[in-house]
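Participant: any chance you can model this:
(chains A and B)
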Amino acid sequence: MRRTLRILITLSAIAIAYFAYKAYAKEEDEMVEKRVSAAIAEVKQMVRLNSFQANEEIIYKDTIDNLGVVYAIEVNIRIGFDIDNLHYDKRGDKLIIEMPKAKIEKYQVGHERLLDAYNTTVIGRIGNIGNDPTPNGTQSMILHGRISHYIDKIIEERGYEETARNIAMENLAKLFYAMQGNVVITDNLDTEKILQKPTE
Amino acid sequence: MKRIIGILICAIIIVGCSKEENQEQRMLTRLQAVNELELARTTVSKTFTVRDQYFDDEETESHGIRDVFARLFNRIEHSSKAGDRVGVYGVRRTFSAYIDLSEMTPEDIVIENNILKISLPPIKTRVLGNDLQTELFHERISGLRDEISETERIKMKEKATAEIDREMLADNSRMTEDMIHQAKMRIQTWIITLARDWGYDPEIKIAEQ
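Facilitator: Numbers count the residues shown, from 1 in each chain, chains lettered A, B, ... in the order given. Sure, this is the predicted structure:
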């Protein structure tokens, strides 16, 4: 009888310990989840704001048929980030957040200005004397389409996306450094190219 | 007995105050360690052209009788010249808005009833000097026209640079105001996040430049 009672008490103690541990672990998990959501919300708040904008007068030089053209196009560019697709990973007590993809907003101000038009078949000093050619309607339409692609190319070439990304990442790295939690912002979760914490 | 209670209350108040002071000092050190924080950047580029005045006239509307005569003269002058003379160049300037948190002093952080009152230094702007070179996009000289001289290019570049500076550095510059507004929003979000992480509700004041 006594033995049975002892076994029962032991089993009860084990059960209590197990449930206590489960409750503690659940609370811990909830706290981690809370911290993760808070950090994610913070990143979203920060990257939601534009860190880079440009007001550019882009020069576009092209040839269509035998006509050489030079246009000036005024473009406003703003670079934000796609906060709806934020990837992160929990590694031990460390939360690693991947900087989201850039979202480029660009809009052309007014029409493109034709700065020069010339016949490409006669070049050098003897070319285009007493003649000011201009593109016709069809040519203008084709060129207009090409200009749009060219603007994208220029934004890429000038590294504006990278500049915006660097500013946003530096802001976040310094923020997480000043915070209590162990949060790291990275450029790519897979390659784990983690931005170093700033040194004091 | 009353004396002991009095001493105890004083001790609690002193300990409480010094704890807050320590906390304020710790926060200040953390913020000062951040140093400069670049918050926003704006790039402005302008093109400048060397060509007959006639082409510029074609793109704008005339104003007044004197302008009509000037345009007529420009048209005759352009038609009488054998050949073309066109140069297209570009100049770019980048402006940055930043805050220097190392300028913060102990008076800038006060904790009162779980509210963290932070006075931030002003948002400053500066020109980043990495893109002052002139870009040559296009040059075409034909007929008997003169080559475009270096003096002309320099003159036009100065004009374009002055135009950018006027647009960005003027008191009511829309682009600069926009950049500073973005920078203020960013630093406010930054501080709010930090204050909440430290367990306080923030009250932020940003000094005007």
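
Participant: and what about residue A:188, helix, strand or coil?
Facilitator: The three-state label given to residue A:188 by DSSP: H, G, I helix; E, B strand; the rest coil is coil.

Participant: and it, what does it touch?
Facilitator: Residue A:188 makes contact with residue A:98, according to CB atoms under 8 Å, 6 or more residues apart in numbering or on different chains. Just so you know, the C-beta spots here come from the backbone N, C-alpha and C atoms, and that holds for glycine as well.

Participant: how much space between it and chain B?
Facilitator: As judged by CB to the nearest CB, to the nearest Å, residue A:188 and chain B stand 22 Å apart.

Participant: can you give me the strands for chain B?
Facilitator: Taking DSSP state E to define them, one finds strands in chain B at B:36-50, B:85-100, B:109-112, B:115-120, B:124-128, B:135-141, B:201-206.

Participant: quick check: mean pLDDT of the fourth one?
Facilitator: Going back to what we said before, that points to strand B:115-120. When pLDDT is averaged along strand B:115-120, the result is 94.

Participant: which of the residues in that strand are buried?
Facilitator: Of all the residues in strand B:115-120, those buried under the rule 16 or more other CB atoms under 10 Å in any protein chain shown are B:116, B:117, B:118, B:120.

Participant: out of the residues you listed, flag the one nearest to residue A:112.
Facilitator: Residue A:112 lies nearest to residue B:120 out of those, by CB to CB, at 42.7 Å.

Participant: quick one, what contacts the nearest residue to that closest one once chain neighbours are set aside?
Facilitator: The shortest distance from residue B:120 to any non-neighbouring residue, by CB to CB, 6 or more residues apart in numbering or on different chains, is to residue B:206 (4.7 Å). By CB under 8 Å, 6+ apart, the contact set of residue B:206 is B:120, B:122, B:123, B:184, B:187, B:188.

Participant: give me the pLDDT value at residue 142.
Facilitator: If you meant another chain, say so; for now it's chain A. So residue A:142 comes in at 93 (pLDDT).

Participant: could you do chain B instead?
Facilitator: We have a pLDDT of 81 for residue B:142.

Participant: that one is in contact with residue B:83, isn't it?
Facilitator: Yes: Residue B:142 lies in contact with residue B:83 (CB atoms under 8 Å); the separation is 4.0 Å.

Participant: of these two, give the one with the bigger neighbour count.
Facilitator: residue B:142 (20 against 17; other CB atoms under 10 Å in any protein chain shown).

Participant: got the buried residues for stretch A:81-89?
Facilitator: Within stretch A:81-89, the residues scored as buried using 16+ other CB under 10 Å are A:81, A:83, A:86, A:88.

Participant: now the helix or strand where residue A:68 lies, how far from the centre of its chain.
Facilitator: Assessed by DSSP states H and E, residue A:68 sits inside strand A:67-81. How far strand A:67-81 lies from its chain's middle: 21 Å, per CA atoms, centre = their mean, to the nearest Å.

Participant: put the alpha carbons of it into PDB.
Facilitator: Taking Å, rounded to 0.1, in the frame of the first residue of the first chain, the C-alpha atoms of strand A:67-81 are listed here in PDB:
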ATOM      1  CA  LEU A  67      17.800  59.200 -88.200                       C
ATOM      2  CA  GLY A  68      20.000  59.800 -85.200                       C
ATOM      3  CA  VAL A  69      18.100  61.300 -82.300                       C
ATOM      4  CA  VAL A  70      19.100  62.800 -78.900                       C
ATOM      5  CA  TYR A  71      16.300  63.200 -76.300                       C
ATOM      6  CA  ALA A  72      16.300  64.600 -72.800                       C
ATOM      7  CA  ILE A  73      13.800  63.000 -70.400                       C
ATOM      8  CA  GLU A  74      13.000  64.300 -66.900                       C
ATOM      9  CA  VAL A  75      12.300  61.400 -64.500                       C
ATOM     10  CA  ASN A  76      11.500  61.300 -60.800                       C
ATOM     11  CA  ILE A  77      12.600  58.100 -59.100                       C
ATOM     12  CA  ARG A  78      11.700  56.900 -55.600                       C
ATOM     13  CA  ILE A  79      13.000  53.600 -54.100                       C
ATOM     14  CA  GLY A  80      11.100  51.800 -51.400                       C
ATOM     15  CA  PHE A  81      10.900  48.200 -50.300                       C
END
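
Participant: show me what it is packed against.
Facilitator: helix A:2-48, strand A:52-64, strand A:102-119, helix A:137-157, helix A:160-178, strand B:85-100 (3 or more CB pairs under 8 Å, 6 or more residues apart in numbering or on different chains; DSSP states H and E).

Participant: ok, 7 Å please
Facilitator: For strand A:67-81, the packing partners by 3 or more CB pairs under 7 Å, 6 or more residues apart in numbering or on different chains; DSSP states H and E come out as strand A:52-64, strand A:102-119, helix A:137-157, helix A:160-178.

Participant: run through who's touching the second one.
Facilitator: Same thing as strand A:102-119. Residues outside strand A:102-119 that contact it (CB atoms under 7 Å, 6 or more residues apart in numbering or on different chains) are A:66-82, A:127-128, A:131, A:133-135, A:147, A:151, A:155, A:161, A:164-165, B:49, B:59, B:86, B:88, B:138, B:140.

Participant: for chain A, give me the ranges with low pLDDT.
Facilitator: Residue ranges of chain A with pLDDT under 70: A:32, A:35, A:123-131, A:180-181, A:191-200.

Participant: what does it put close to chain B?
Facilitator: Residues of chain A lying close to chain B by CB under 7 Å from any CB of the partner chain are A:42, A:45-46, A:49-57, A:59, A:61, A:70, A:72, A:113, A:115-116, A:118, A:125, A:127-129, A:163, A:167, A:170-171, A:174-175, A:178-180, A:200.

Participant: beta partners for the most centrally placed residue in chain A?
Facilitator: Centroid-nearest residue in chain A, with CA atoms, centre = their mean: residue A:102, separated by 2.4 Å. Assessed by DSSP bridges, residue A:102 has beta-bridge partners residue A:81.

Participant: what is the burial count for the nearest residue to residue B:97 once chain neighbours are set aside?
Facilitator: Distance criterion CB to CB, 6+ apart; nearest residue to residue B:97, sequence neighbours excluded, is residue B:183 at 3.8 Å. Neighbour count of residue B:183, defined by other CB under 10 Å: 25.
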